[in-house]
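Novice: Have a look; sequence and predicted model below, questions after that.
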Amino acid sequence: MEGTEIRNQTDPDQSMPGQDTRESSTQTDCRLQGHGPRLSKVNLFTLLSLWMELFPQEQPEEDEPSEIRRVGLVVVQDSKVVGLHCSGPELHAGQAAIIQHGASLADCHLYFSRRPCATCLKMIVNAGVSQISFWPGDPEVSMLRSSSANTSSPQNPPRSIPEEAALDAVAAEKLKSNSRPHICVLLQPPAPGLAQFVYETSRDCDFMERMKDDDPGLNTEELFNRERTRHLKDFSSQLLVRTSLQHREILTHMGLEDFCVEPHFSNLRNNMTELVEVLAAVAAGLPQQHYGFYRSETSTTPHEGLSQEVVRHCIIQARLLAYRTEDPKVGVGAVIWAKGASAGSDGTGCLYLVGCGYNAYPAGSQYAEYPQMDNKQKDRQRRKYRYIVHAEQNALTFRTRHIKPDEHTMLFVTKCPCDECVPLIRGAGITHIYTSDQDRDKDKGEISYLRFSSLKDTSKFIWQRSPSASSHHTNGFGAKHGRPEEQESHSNKKLCTHRSDMSPVS
Ligand SMILES: O=c1ccn([C@H]2C[C@H](O)[C@@H](COP(=O)(O)OP(=O)(O)OP(=O)(O)O)O2)c(=O)[nH]1
């Protein structure tokens, strides 16, 4: 099994070979700070790749399943995400990455949501990529689907691997063993309690809170559980291999026989399931029905440009990033996408990634180098606020592309931008912001959110009840919406909702 590794460490943040060792030392020690478990970088990149595979498509997959499956891809350079891709109508995700990044892929790490086909792999190997990691489910050239008459399904596995998939597997194996890049499966068990932490914090995130504020009678827990179950079902059928038998067969054909041995096999399947559960919980934090991102200026103006599905997708990317926060208390994630003049052949259409980030202490700082206390501490100099770099600030600082004045540049952020960030966002030329405005107009002393309302030259799209749902007051959702009521709700919140010290992410 040359070139393939089982990474199954007990400490998810344990440094990887080739990974910056400072990275693990900067993390907040959750046991000391009361912070929930933190997502490891490997798991973040893995989850982002799975999520990219699920990027909403203009053209839904044909009824007759193709043997070529959609793939999500995350391109990482120096531990920073520099590309998010997915398969499109013409190009596979790997090909799209080659087209967009060219030889600058050299020394990048690539995280695929499936083992890429040999056609992509040869170009990627050729570009000098340093490491390729893939999710060990059904590969891009599917071993579960067949175009032959006896079409298979997850319920009825093919009696043998389709010929095309078997040939592709042989070629991929050859590329794996002959290539300079390290081609491996980099899966880590999520930190103990992470799934539960994500479950709790997603259920109470700003987006859910907004729904609760609008309709105090709404059973958000029930709504959240329903959404989570629905996502879990969808994501599992897409991303997991249903039976152990099928999974063993696939792994064997991919040259991953070592994974088929116990306890590795059970661990692998457990880790995969747990990560899919995390993804389902994060996605459930933004229930699809009746809510979406609508202009803040007047909630009756329909959303322009991006579909609600795409916006929601990008906000969920930001929510995943927030689980890498170094703030002992509040995680914030931000993603910036730009809309190019013409659609590429990537599954993201005209959109391309500009940058992403989460709130953290200055890059390269050592653990406990900076104060981590929150505003309940008495000494002002011991508070975190002067040291933490905000999610938007990291996304802008470590962006991979220039922001072009003639293009729409869209910031997706899980928390209302604060007064420190608003001028940066304006100065950088961000044209659209998608966010929750739960903290808008609040002044918390050390950090305030007063300037967001006066940010005039940027279109703001706020998570709120869809204007059409509001006018009908359907399904138990209350009637409150629109600017006057929103303002009333904010001032009320200022008085009555103060989060506790153990306040969760987002
Ligand atoms: O635009 C912003 C605003 C804030 N943050 C981060 C910075 C800091 O890490 C955290 C502060 O969150 P919040 O304002 O909720 O402060 P808190 O510590 O939770 O205080 P409080 O208890 O008053 O909510 O959010 C960002 O990344 N971007």
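Specialist: Yep, that arrived. Computed from a predicted model, the values in this text were never measured in an experiment.
Novice: Show me what from the stretch 101-250 of the chain comes close to the ligand.
Specialist: Counting by Cβ under 6 Å from any ligand atom, no residue of the stretch 101-250 of the chain lies close to the ligand. For glycine as for every other residue, the C-beta is placed from the backbone atoms N, C-alpha and C.
Novice: Return the distance of the nearest residue to residue 369 once chain neighbours are set aside relative to the ligand.
Specialist: Spatial nearest neighbour of residue 369, excluding adjacent residues (Cβ to Cβ, 6 or more residues apart in numbering): residue 361 at 7.0 Å. Noted for residue 361: a distance of 10 Å to the ligand, by Cβ to the nearest ligand atom, to the nearest Å.
Novice: Name the residue closest to the centre of the chain, please.
Specialist: Centroid-nearest residue in the chain: residue 317, 2.9 Å away (criterion: Cα atoms, centre = their mean).
Novice: what does the model give it for pLDDT?
Specialist: With respect to pLDDT, residue 317 has a value of 98.
Novice: so it sits in a strand?
Specialist: No. Per DSSP: H, G, I helix; E, B strand; the rest coil, residue 317 lies outside any strand segment and is helix.
Novice: in the sheet, who's paired with residue 73?
Specialist: When assigned by DSSP bridges, residue 73 has beta-bridge partners residue 85, residue 112.
Novice: For it, grab the count of nearby residues.
Specialist: Around residue 73 there are 31 other residues, counting by other Cβ atoms under 10 Å.
Novice: Ok, residue 93 next?
Specialist: Residue 93 has 32 nearby residues by other Cβ under 10 Å.
Novice: Might one say that it is in contact with residue 348?
Specialist: No. Residue 93 is not in contact with residue 348 according to Cβ atoms under 8 Å; the separation is 9.8 Å.
Novice: Now the nearest residue to residue 166 once chain neighbours are set aside, what are its backbone angles?
Specialist: In this structure, residue 166 finds its nearest non-sequential neighbour in residue 253, 6.7 Å apart by Cβ to Cβ, 6+ apart. Per-residue torsions, residue 253: phi -70, psi -20 (degrees, to the nearest 10).
Novice: which SS class is residue 423?
Specialist: Three-state assignment for residue 423 (three-state DSSP): helix.
Novice: which non-adjacent residue is nearest residue 46?
Specialist: residue 111 (5.9 Å).
Novice: Kindly provide the distance from the one you found to the ligand.
Specialist: 24 Å.
Novice: That residue: neighbouring residues, count only.
Specialist: If you count neighbours by other Cβ under 10 Å, residue 111 ends up with 25.
Novice: Now do the contacts for it.
Specialist: Residue 111 sits next to 45-46, 48-49, 73-74, 76, 133-134, 186 when contact means Cβ atoms under 8 Å, 6 or more residues apart in numbering.
Novice: switch the cut-off to 6 Å
Specialist: Neighbour list for residue 111: 45-46, 49, 74, 133 [criterion: Cβ atoms under 6 Å, 6 or more residues apart in numbering].
Novice: All the helices of the stretch 151-300 of the chain, in order from the start?
Specialist: For the stretch 151-300 of the chain, the helices defined by DSSP state H, counting those that start in this stretch cover 163-178, 194-203, 206-214, 220-239, 244-253, 264-284.
Novice: hmm, I was thinking of the stretch 301-450 of the chain
Specialist: 308-322, 391-397, 422-428.
Novice: to the chain's geometric centre, what's the distance from stretch 82-101?
Specialist: Offset of stretch 82-101 from its chain centre (Cα atoms, centre = their mean, to the nearest Å): 17 Å.
Novice: Pull out the buried positions in it.
Specialist: Going by neighbour count (16 or more other Cβ atoms under 10 Å), the buried part of stretch 82-101 is 82-88, 91-98, 100-101.
Novice: Over to stretch 232-242?
Specialist: Those would be 232, 235-236, 238-241, for stretch 232-242 by 16+ other Cβ under 10 Å.
Novice: Please work out which residues outside it touch it.
Specialist: The contact list for stretch 232-242, computed with Cβ under 6 Å, 6+ apart, reads 50, 137, 154, 247, 272, 276, 279-280.
Novice: which residues in the stretch 1-150 of the chain form helices?
Specialist: Here the stretch 1-150 of the chain has its helices, by DSSP H, counting those that start in this stretch, at 21-25, 30-33, 41-53, 93-101, 118-126.
Novice: Buried deepest among those, which one?
Specialist: Neighbour counts (mean count of other Cβ atoms under 10 Å) averaged over each of these peak at helix 41-53, with a mean of 25.
Novice: Quick one: mean pLDDT over that one.
Specialist: Per-residue scores along helix 41-53 average to 97.
Novice: ok, now stretch 164-182?
Specialist: Averaging pLDDT along stretch 164-182 yields 85.
Novice: So what's the gap between it and the chain middle?
Specialist: Relative to where its chain is centred, stretch 164-182 has its mean C-alpha point 29 Å off (Cα atoms, centre = their mean).
Novice: and it, which residues are buried?
Specialist: 164-165, 168-169, 172-173, 175-176, 179, 181-182.
Novice: before we move on, what about stretch 72-83?
Specialist: Neighbour counts using 16+ other Cβ under 10 Å place 72-77, 79-83 of stretch 72-83 among the buried residues.
Novice: can you give me the end-to-end distance of that stretch?
Specialist: 11 Å (Cα to Cα, to the nearest Å).
Novice: from the buried residues of stretch 232-242, which single one is nearest residue 287?
Specialist: Using Cβ to Cβ, residue 232 comes nearest to residue 287 of the buried residues of stretch 232-242, at 14.3 Å.
Novice: and the gap between the closest one and the ligand?
Specialist: For residue 232, the distance to the ligand equals 29 Å [Cβ to the nearest ligand atom].
Novice: Next one, pLDDT for that residue please.
Specialist: On pLDDT, residue 232 comes in at 97.
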